[in-house]
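A.B. asks: how does the following fold in three dimensions:
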Amino acid sequence: MDNKILLKEQIKVVIDLIEKDYANKINDGVLQLIYKRYKDALAIIENHEDNSGIKIAGGVRAYLDSYNDYQNSLVEEMHKAEKIVKQLNRGDNK
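C.D. replies: Down below sits the predicted model:
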């Protein structure tokens, strides 16, 4: 499957998790930044813009630096998204 399609689906998973589990925290701090970057990334993909505008790398590190919650499912899902972005940036489209 095309990595851009995979990334779009993974970004939606992360956004849904943040909106469901952190609704009261997405208006400030590191979660706001992560949420905004994922929403922006989704818009870039949906508008068929250049992948270089996708800035979600580092979200896992930022989350862990702030919350130190290694067992959180959000961390796992963000990690999956970051791996797909890395593959896209290397030119591995499939």
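
A.B. asks: gap between residue 58 and residue 18?
C.D. replies: Distance of residue 58 to residue 18, given as C-beta to C-beta, to the nearest Å: 16 Å. C-beta here means a position set from N, CA and C on the backbone, and glycine is covered the same way.

A.B. asks: phi, psi of residue 49?
C.D. replies: The phi/psi pair for residue 49 (degrees, to the nearest 10) reads phi -90, psi 170.

A.B. asks: what's near enough to touch it?
C.D. replies: Contacts for residue 49 (C-beta atoms under 8 Å, 6 or more residues apart in numbering) come out as residue 43.

A.B. asks: which one's more surrounded, residue 58 and residue 18?
C.D. replies: Just comparing residue 58 and residue 18: by other C-beta atoms under 10 Å the higher neighbour count belongs to residue 18, 21 against 14.

A.B. asks: how close does residue 10 sit to residue 28?
C.D. replies: The gap separating residue 10 from residue 28 is 25 Å, by C-beta to C-beta.

A.B. asks: again, but for residue 60
C.D. replies: 20 Å.
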